[in-house]
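*Asks:* no FASTA, just this:
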C-alpha cells in the first residue's frame, strides 16, 4: 500500500507554481533595475517596456565608477553598516544575555523603556536627534550615523538575542561552571558556539537596516565626502532630469555587499530563524 | 571523596524562607539520597552544595573547609543533570574531557582518562559522536562518564534517571550502585522515586516543605518512620492510616475494634494507627480486626494488591504475596500484625 507515499502531482506542481509566482513578483523589480542599468541612455524612453533592450551596454557602470563619487558613498556605507552591525550585535548580545539569565532590579522597567523607543515613528524625533548631533558637533560625520543607527537597532536586536539565549538551556552553563569554567568562560566555550546562528541573524538584520537607511542619513549628512549610498543615489536626480541608467547601475552595485553578506551568513541564518521551532 | 557537613543551612527567596535548619553530616564515601515530593527543596539543597544556588544562612563544609562563598568550579564536585546537559557542539570524548581541558591538563592525560571512563561505561565505540546522535540511555551514560573522568571529591546527581523509560531506569540504577561500590566516592543523589532511594542509599534524607523529616538507613525509614509524612512517603504501596482513639484504657478504631498494643506506650496521645499493606492478612469473616469487602483486586503475579472497603474506616489496601482466589465483592476478615503497626499522635509524630 503506497497511498501515503505517492506524491500528489497536481499539488506538487501547484506548490512550485505558487512559489514561482511569488519569486517572479519579488525579483521582477530587481530584474528591472538590472535591465535599465544595461540599457543605453538613448533607448531608455524609446524602448518602452520590452523585457530586454534592443542594444545593451555597460557604459552606465563605467561612468558610475569613473565619473561620480560612487566609490566614496560605497565606502561610507560599508563603514557605517559594518560599524553599526558590529557594535549593535555586541551590545545586544550582552544585554540579551543579561535579560535571559539574570534577575535584577529594574529589569522590567528597562525592557519597558526599550519597547517604548520602538513605538514612535522616526519622523517625530528627527528634529531632536538633529539638535543633539549638532550640539555634539557630529553633523556630517559617519560616527553620527553609527551612533544613531546603533541606538535605534539595539532594542530590537536585544530582544532577538534574548530569545536565542532563552533557547539555550541554563543547565549547559551550570554544567560548564561545575566543570571548571568561570561564568565568562562558560559563555565563551559553551553558550557562544551555540548562539552563532543568533549572532548571524542579528548581524544580518542590523546590517541591512543600516545599509538602506535614508531618512537620518539625509538629515545628518550634507557633505559629499560623508554621504552614504542611499543619499548618494539621490545625486543622480538633478533639477531637470534623472539619470536613470547611472542610478540603476549604482543600485546594482548597492546590492552586491548585501548579497555577499547574506551568502556568508545564510547557513547560520536558516538555523537561527528556525531555532526554538523544534526541540533540538 | 570527602566529608560534607551542613550546619543550619537555610534558603530564602526575598522574604520567603523555603528551607530552614538543615543540619546534615555526610561521611566520606557515603551514598546519600535526598528524597521528597516535588517542591520539597531537595534539588535546591543539591544546587547549594554544588554552588549553583547561594546559601542564605548557615555553613557548608566540604572536607572541613567552609565553601559557602567558593565558586562551583573550585568546589571539586561533579554533577549529573536531569537533562544530562551535554554540550551539543562537542563530541562524546570532548564532553567527557571538557573539565580536564578547562583545567589545562595535557592532551594525553585527557585522552587516557576519557578512554578509561568510556570503557567503564561501555561508551568506547561512541567517542566521536555528537550528543544528538545518541539515544537517551547513551546520553545518560555520557553524562555520568563526564563526572567520572574528573575524579571529583563529590558526585552530585539531580534526578538522573527520570527521563529514561522503566527498564532502562532499572538498568542504570544498578549501574550507579556498582559505580559507587567501585569508586567508593561520596555521592549525593536527588530523586522523587523511593525505589531508587531505598535501593541505592546508604542513608536517606526525607525532605518536605524545606525541612528534614527524617534521616536514616533505608529500612530504618521503612520500619520506624518518625512521622506520618515519612510513613506515607516511604514504602510502596502506601501505608494504611486510620483514625484511632484512646478510650477506657484501650486503643479503639473507628469500627469499634479494640487493639491489643503495647501498653507501655503513651497511648492517650494516639490519634492515628498505621499498618502497611504487607502486614495485613486475610482471614475468616469473624477472625480479624475488621470485616471488609474486596473492591478492586490487582494481580501483579508476584503479589496481589487488594483494595478492601471496611465499614466506618474506609478503604484499606492489603498486599498478598502470590496470587489469591478472591473476587470483587467477596467478604472476609482482616488481621493486622500489631507488632509491625505504627502509632502517631495528633501532630503526626510517631509514638514509640
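*Replies:* Good, I have the coordinates. Everything quoted here is computed from the prediction, not taken from an experiment. Numbers count the residues shown, from 1 in each chain, chains lettered A, B, ... in the order given.

*Asks:* helix/strand/coil for residue A:26?
*Replies:* Secondary structure, DSSP: H, G, I helix; E, B strand; the rest coil: residue A:26 is helix.

*Asks:* quick one: it and residue A:264, what's the gap?
*Replies:* Separation of residue A:26 from residue A:264 (C-beta to C-beta, to the nearest Å) stands at 21 Å. Every residue, glycine included, has its C-beta placed from N, CA and C.

*Asks:* tell me the pLDDT at the residue lying farthest from the centre of chain B?
*Replies:* Of all residues in chain B, the one whose C-alpha sits farthest from the chain's mean C-alpha position, using C-alpha atoms, centre = their mean, is residue B:248 at 40.5 Å. At residue B:248, the model reports a pLDDT of 78.

*Asks:* More neighbours: residue A:26 and residue A:264, which one.
*Replies:* The residue with more neighbours, out of residue A:26 and residue A:264 and counting by other C-beta atoms under 10 Å in any protein chain shown, is residue A:264; that gives 13 against 9.

*Asks:* for the stretch 51-200 of chain B, what spans make up the strands?
*Replies:* Taking DSSP state E, counting those that start in this stretch as the test, the strands found in the stretch 51-200 of chain B are B:57-62, B:65-66, B:77-80, B:154-158, B:186-191.

*Asks:* Could you list the domains of chain B?
*Replies:* For chain B, the domain assignment from automatic domain parsing gives the residue ranges B:4-233, B:241-351.

*Asks:* Mind putting those into CSV with distance to chain A?
*Replies:* Below are the domains of chain B laid out as CSV (distance: least, C-beta to the nearest C-beta, whole Å):
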stretch, distance to chain A
domain B:4-233, 4
domain B:241-351, 35
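
*Asks:* So which of these is the most surrounded?
*Replies:* Greatest average neighbour count among the domains of chain B goes to domain B:4-233 (a mean of 19), per mean count of other C-beta atoms under 10 Å in any protein chain shown.

*Asks:* picking that back up, any idea how far the residue farthest from the centre of chain B is from residue B:268?
*Replies:* From residue B:248 over to residue B:268 (counting by C-beta to C-beta), the distance is 11 Å.

*Asks:* partner strands of the helix or strand harbouring residue B:33, parallel or antiparallel?
*Replies:* The secondary structure element spanning residue B:33 is strand B:31-35 (assigned by DSSP states H and E). Using DSSP bridges, strand B:31-35 pairs in its sheet with strand B:186-191 (parallel), strand B:203-208 (parallel).

*Asks:* Point out the residues in the stretch 101-250 of chain A that sit beside chain B.
*Replies:* For the stretch 101-250 of chain A, the residues found near chain B under the criterion C-beta under 8 Å from any C-beta of the partner chain are A:169, A:171-172, A:174-182, A:185, A:189-190, A:193-194.

*Asks:* What's the ChimeraX line that selects buried ones from these?
*Replies:* Here is the ChimeraX command that selects the buried residues among these (16 or more other C-beta atoms under 10 Å in any protein chain shown):
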select /A:171,172,174,175,176,177,178,179,180,181,185,189,190,194
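
*Asks:* on that earlier part again, with distance to residue B:148 and mean pLDDT as added columns, please give the strands paired with strand B:31-35 in CSV.
*Replies:* Supplementary listing: these in CSV, determined by distance: least, C-beta to C-beta, whole Å; pLDDT from 0 to 100:
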stretch, distance to residue B:148, mean pLDDT
strand B:186-191, 11, 95
strand B:203-208, 22, 95
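
*Asks:* Please produce CSV containing these, extended by distance to residue B:152.
*Replies:* Shown next, in CSV, are the strands paired with strand B:31-35 (distance: least, C-beta to C-beta, whole Å):
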stretch, distance to residue B:152
strand B:186-191, 9
strand B:203-208, 20
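
*Asks:* What's the separation between residue A:226 and chain B?
*Replies:* 42 Å (C-beta to the nearest C-beta, to the nearest Å).

*Asks:* give me phi/psi at that residue?
*Replies:* For residue A:226, the backbone dihedrals are phi -110, psi 10 (criterion: degrees, to the nearest 10).

*Asks:* Next, the buried residues of stretch A:249-261.
*Replies:* With burial defined by 16+ other C-beta under 10 Å, the residues of stretch A:249-261 counted as buried are A:249, A:250, A:251, A:252, A:253, A:254, A:257, A:261.

*Asks:* nearest to chain B, of those?
*Replies:* residue A:261 (24.0 Å; C-beta to the nearest C-beta).

*Asks:* and the helix or strand containing the closest one, what does it pack onto?
*Replies:* Using DSSP H and E, residue A:261 sits in helix A:244-274. If you count contacts as 3 or more C-beta pairs under 8 Å, 6 or more residues apart in numbering or on different chains; DSSP states H and E, helix A:244-274 packs onto helix A:9-37, helix A:59-67, helix A:70-101, helix A:192-211, helix A:229-234.

*Asks:* Would you convert those into TSV that also reports mean pLDDT?
*Replies:* Output for the helices and strands packed on helix A:244-274, formatted as TSV (pLDDT from 0 to 100):
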stretch	mean pLDDT
helix A:9-37	93
helix A:59-67	86
helix A:70-101	94
helix A:192-211	89
helix A:229-234	86
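
*Asks:* Could you export those helices as CSV, including distance to residue B:70?
*Replies:* Formatted as CSV, the entries for those read as follows, by distance: least, C-beta to C-beta, whole Å:
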stretch, distance to residue B:70
helix A:9-37, 58
helix A:59-67, 64
helix A:70-101, 21
helix A:192-211, 26
helix A:229-234, 55
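
*Asks:* Does residue B:126 touch residue B:96 like I think?
*Replies:* No: applying C-beta atoms under 8 Å as the test, residue B:126 and residue B:96 come out as separate, 10.4 Å apart.

*Asks:* where do the contact lists of these two overlap?
*Replies:* B:118, B:142 (C-beta atoms under 8 Å, 6 or more residues apart in numbering or on different chains).

*Asks:* now the spatially most central residue of chain A: how far from chain B?
*Replies:* Centre of chain A computed as the mean C-alpha position; nearest residue by C-alpha atoms, centre = their mean is residue A:208, 1.3 Å away. With distances defined as C-beta to the nearest C-beta, the gap from residue A:208 to chain B amounts to 28 Å.

*Asks:* check contacts around the closest residue in space to residue B:304 that isn't next to it in sequence.
*Replies:* The shortest distance from residue B:304 to any residue other than its chain neighbours is 4.6 Å, reached at residue B:320 (C-beta to C-beta, 6 or more residues apart in numbering or on different chains). Applying C-beta under 8 Å, 6+ apart to residue B:320 gives the contacts B:282, B:303, B:304, B:305, B:306.

*Asks:* Please flag which of those sit within helices.
*Replies:* When DSSP state H is applied, the contacts of residue B:320 are split such that none fall in helices.

*Asks:* Serialize the domains of chain B to CSV and add fields for distance to residue A:140.
*Replies:* Listed next are those as CSV, based on distance: least, C-beta to C-beta, whole Å:
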stretch, distance to residue A:140
domain B:4-233, 46
domain B:241-351, 80
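
*Asks:* so where's the stretch 1-150 of chain B uncertain?
*Replies:* Filtered on pLDDT under 70, the stretch 1-150 of chain B yields the residue ranges B:1.

*Asks:* Show me the contact partners of the host helix or strand of residue A:116.
*Replies:* Element membership for residue A:116, per DSSP H and E: helix A:107-117. Outside helix A:107-117, the residues that touch it by C-beta under 8 Å, 6+ apart are A:99, A:152, A:154, A:155, A:158, A:159.
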